[in-house]
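# Here's a sequence, model it:
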Amino acid sequence: MTQKTAAPKERAHSSFAAFLVASGIMLSRIAGLIRQRVFAHYLGSLPAADAFQAALRIPNFLQNLLGEGVLSASFIPVYAHLLAGGNEKEADRVASVIGSLLALVTSILVVLGIVSTPFLIDLIAPGFSGETRQLTITLVQILFPGIGALVMSAWCLAILNSHGRFFLSYAAPVLWSLFIITGLVIFGNTTSPSNLVVYVAWSSVAGSLAQFLIQVPTILQITRHLHFSLNVSSVHVRNILASFTPVFMSRGVVQLSAYIDNLLASLLPSGSVALLGYAQTIGLLPISLFGMSISAAELSVMSRALTDGQDKSRIELTQRLAVAMRHLAFFIVPTAVSFFAFGDTISALLFQSGRFNREDALYIWALLGGSGVGLVASTSSRVCSSAFYALRDTRTPLRCAIIRVILTVLLGYLFAFPLPRLLQLDPKWGLAGLPASAGIAGWIEYLLLRRSLLRRADRFTPPKHLTLRLWSAAIISAALVFPLKFGWLGAHPIMAGIVILPLYGLLYLGLSILMKVKEAQLLTRHFQ
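So this is what the prediction gives:
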């Protein structure tokens, strides 16, 4: 009887955890959208905006490489398992060693990065020259010290997640955005664009430090034995370091994909790097909000519950994956359709003002259409990867990620350069080929992950009848609302956005209810 009642309790806890993660991510993403809107207002697609977006790539690369993704996959399963077994002292000892190693390695990389920045620029933005190249070098050197704070912030996130404290760590990036917004507002009208991005870079460093420090009091409250230590003799520490390498490589090849997109964009006409950055801000929102929230919540819970060799593990894994995939599909399918149908409306609502004009919004529509190609696959892959990490299998996601990156590079080059020439398009439209190629590669990665995961679980993908209903509801809703884009309403970006997008969402929800989609019915009950 205990086992029968435990599963619903675990699923309820997982759902609440996903809600907390989603709430924190929602706040940070809203702050991020406001940050990008203010940035677009003052800088648009000017060369200075290109320089800043390119400069962010190197710090973000190292942050993602050493931070949240790697720690979640290698540290959380071991740390959460120790907590579940009541061994808090050993858990704190493990956290101390991992935190100390991260602080040491990151400090060394920051110093090396500042010194080697002039050489790194040619690797991330070979198309930059003259003043834009020199400005990018200056910005990267300023931004590098913020890496250490962001990596340690990810270490805090891993500890807090394992203790069931999900909201704070995912909401903390709001501070980073607020510091940048403050810098833009204070200096936006008083200096040149080149000087403005320098001030914004310093604001970013201050925001990174604030993002880390706001989590420290809670960390000290829930852990009582933290201390600096480089003693790696513990078997638990060695297990983390052993799994760290393949996860590090897996995250590395995924980050390599984003780096290559940036590199190819720098070879396209001026403004391409900035436009790609704006589009990625929008495109990553559903991935973070739905894919990350569900996968992050499931990882810590599955790490506590799953035990290889027991019959219940396969059942537990299948049940969790099935529910997660249904929830993802309900939210991601209409989002993908909205990218295709209303990408210009979304980008104009969020960014069109000041130096960001209608032409920029149309370019981002093309980019969002490319992102929509692989949106379902990208979010589903996150959940599948979390399942593998909970099962202590870090090599399968690595192999699939390598295949994805190879395809992204090959297809990205073909879509960005030869294809526009073949179709006799403006070279700048080749930018839309980058997210489209990544979407196709994302589907290949997801299919490979799913096939491998089916050896450890039963069928967990949404049933065909549900998928058909969701796509039908989204497409019909978009078709009904699409004509409103033309005429006087479509001429006002803000008015169009606040009317068209909510109407589309309400129609999708209503049709889903009529089609008896369980997720829609459950959602409406919460508001009754």
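
# Can you tell me the closest non-neighbouring residue to S45?
The shortest distance from S45 to any residue that is not its chain neighbour, by Cβ to Cβ, 6 or more residues apart in numbering, is 3.3 Å, and that residue is G271. Where C-beta positions appear, they are placed from N, C-alpha and C, glycine not excepted.

# Give me the phi and psi for that neighbour.
Note on G271: its backbone torsions stand at phi 100, psi -10 [degrees, to the nearest 10].

# can you check F356 too?
phi -100, psi 110.

# same check, this time on S353
Its backbone dihedrals place S353 at phi -170, psi 160, with angles given as degrees, to the nearest 10.

# where along the stretch 251-400 of the chain do the helices fall?
Listed in chain order, the helices of the stretch 251-400 of the chain (DSSP state H, counting those that start in this stretch) span residues 272-286, 293-305, 311-351, 358-373, 375-390, 395-416.

# And those: which comes nearest L484?
Taking Cβ to Cβ, helix 311-351 is the member of the helices of the stretch 251-400 of the chain nearest to L484, at 9.3 Å.

# tell me the angle the closest one makes with helix 375-390.
140 degrees (axes from the mean of the first three to the mean of the last three Cα atoms, to 10 degrees).

# Quick check: which helices or strands does helix 311-351 pack against?
helix 2-43, helix 272-286, helix 293-305, helix 358-373, helix 375-390, helix 464-481, helix 493-514, helix 518-525 (3 or more Cβ pairs under 8 Å, 6 or more residues apart in numbering; DSSP states H and E).

# circling back: closest to S233 out of the helices of the stretch 251-400 of the chain?
helix 293-305 (23.2 Å).

# Could you list the buried residues of the helix or strand hosting T117?
With the criterion set as DSSP states H and E, the secondary-structure element containing T117 is helix 88-124. In terms of neighbour count (16 or more other Cβ atoms under 10 Å), helix 88-124 has its buried residues at 90-102, 106, 109-110, 113, 117, 120-121, 124.

# and the residue nearest to S45, how many residues sit next to it?
20 (other Cβ atoms under 10 Å).

# what's the pLDDT at it?
The score at G271 is 80. That number is its pLDDT.

# swap in S153?
According to the prediction, S153 has pLDDT 88.

# which ones are touching the spatially closest residue to I98 that is not a sequence neighbour?
With Cβ to Cβ, 6+ apart as the measure, F75 is the residue that lies nearest to I98, at 5.8 Å, once sequence neighbours are left out. In this structure, F75 makes contact with 98, 155, 158, 240, judged by Cβ atoms under 8 Å, 6 or more residues apart in numbering.

# Swap in 7 Å and give it another go.
If a contact means Cβ atoms under 7 Å, 6 or more residues apart in numbering, then F75 has 98, 158, 240 as its contacts.

# about what we covered before: quick check: the residue nearest to S45 touching A48?
No: in this structure G271 lies outside contact range of A48 using Cβ atoms under 7 Å: 10.9 Å.

# Would you mind giving the domain segments of the protein?
Per the record's domain assignment (automatic domain parsing), the chain is made up of the domains 2-462, 464-528.

# any idea how far the helix holding T117 is from the chain center?
21 Å (Cα atoms, centre = their mean, to the nearest Å).

# can you state the direction angle for that helix and helix 272-286?
The directions of helix 88-124 and helix 272-286 differ by 150 degrees, with the same axes, to 10 degrees as the criterion.

# Quick one: list the elements packing against helix 88-124.
Other elements packing on helix 88-124 under the criterion 3 or more Cβ pairs under 7 Å, 6 or more residues apart in numbering; DSSP states H and E are helix 47-66, helix 68-84, helix 130-143, helix 145-162, helix 235-266.

# Could you export those as JSON lines, including distance to L33?
Below are the helices and strands packed on helix 88-124 laid out as JSON lines (distance: least, Cβ to Cβ, whole Å):
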{"stretch": "helix 47-66", "distance to L33": "15"}
{"stretch": "helix 68-84", "distance to L33": "20"}
{"stretch": "helix 130-143", "distance to L33": "21"}
{"stretch": "helix 145-162", "distance to L33": "20"}
{"stretch": "helix 235-266", "distance to L33": "19"}
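
# and of those, who's closest to F179?
Short answer: helix 145-162, nearest of these by Cβ to Cβ, at 10.2 Å.

# Just the buried residues of the following helix or strand past that closest one, please?
Sequence order places helix 167-171 as the next helix or strand after helix 145-162, per DSSP H and E. Within helix 167-171, the residues that count as buried by 16+ other Cβ under 10 Å are 167-171.

# contacts for the next helix or strand after helix 167-171?
Toward the C-terminal end, the helix or strand that comes next after helix 167-171 (DSSP H and E) is helix 173-187. Contacting residues not belonging to helix 173-187 are listed as 27-28, 31-32, 34-35, 38-39, 42, 196, 199-200, 203-204, 206-208, 210-211, 214 [Cβ under 7 Å, 6+ apart].

# then helix 173-187 to CSV, C-alphas only?
Coordinates of the C-alpha atoms in helix 173-187 are reproduced here as CSV (Å, rounded to 0.1, in the frame of the first residue of the first chain):
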residue,chain,number,x,y,z
PRO,A,173,19.1,36.0,-12.9
VAL,A,174,16.5,38.8,-12.6
LEU,A,175,19.2,40.8,-10.8
TRP,A,176,21.6,40.3,-13.7
SER,A,177,19.0,41.8,-16.1
LEU,A,178,18.1,44.6,-13.8
PHE,A,179,21.7,45.7,-13.5
ILE,A,180,22.1,45.8,-17.3
ILE,A,181,18.8,47.6,-17.7
THR,A,182,19.9,50.2,-15.2
GLY,A,183,23.2,50.7,-17.1
LEU,A,184,21.3,51.2,-20.4
VAL,A,185,18.8,53.7,-18.9
ILE,A,186,21.4,55.8,-17.1
PHE,A,187,23.9,56.0,-20.0
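
# so who does M26 touch?
Contacts of M26 (Cβ under 7 Å, 6+ apart): L289.

# ignore the last one, D261
D261 sits next to 276, 412, 434, 438 when contact means Cβ under 7 Å, 6+ apart.

# So for it, what's the pLDDT?
What the model reports for D261 is a pLDDT of 79.

# From P269, how far off is it?
Per Cβ to Cβ, to the nearest Å, D261 is found 16 Å from P269.

# can you check F166 too?
Taking Cβ to Cβ as the measure, F166 falls 42 Å from P269.

# out of these two, which sits in the busier spot?
Remark: of F166 and P269, F166 carries more neighbours, 25 against 15, as counted by other Cβ under 10 Å.

# Dihedrals phi and psi, that one?
Here is the backbone geometry of F166 (degrees, to the nearest 10): phi -100, psi -30.

# Check the gap between it and A80 for me.
Using Cβ to Cβ, one gets 13 Å for the distance from F166 to A80.

# and what of A520?
Separation of A520 from A80 (Cβ to Cβ): 33 Å.

# ok, these two, which is more surrounded?
A80 (25 against 21).

# Isn't the more buried one up against L160?
No: using Cβ under 7 Å, A80 is not in contact with L160, being 11.5 Å away.

# Name the SS class of A457, please.
coil (DSSP: H, G, I helix; E, B strand; the rest coil).

# check contacts around it.
If you count contacts by Cβ under 7 Å, 6+ apart, A457 has them with 314, 317-318, 321.

# Now for these: which two are most distant?
Checked with Cβ to Cβ, these reach their widest spread between R314 and L321, with 10.7 Å between them.

# More neighbours: these two, which one.
The neighbour count for R314 versus L321, taken as other Cβ under 10 Å, is higher for L321 (26 against 14).

# Can you classify F128 as helix, strand or coil?
Here F128 takes the coil state, with states given by three-state DSSP.

# avg pLDDT for stretch 176-191?
For stretch 176-191, the per-residue pLDDT averages 93.

# Name the residues of that stretch that come out as buried.
Applying a neighbour-count criterion of 16+ other Cβ under 10 Å, the buried positions in stretch 176-191 are 176-184, 187-188.
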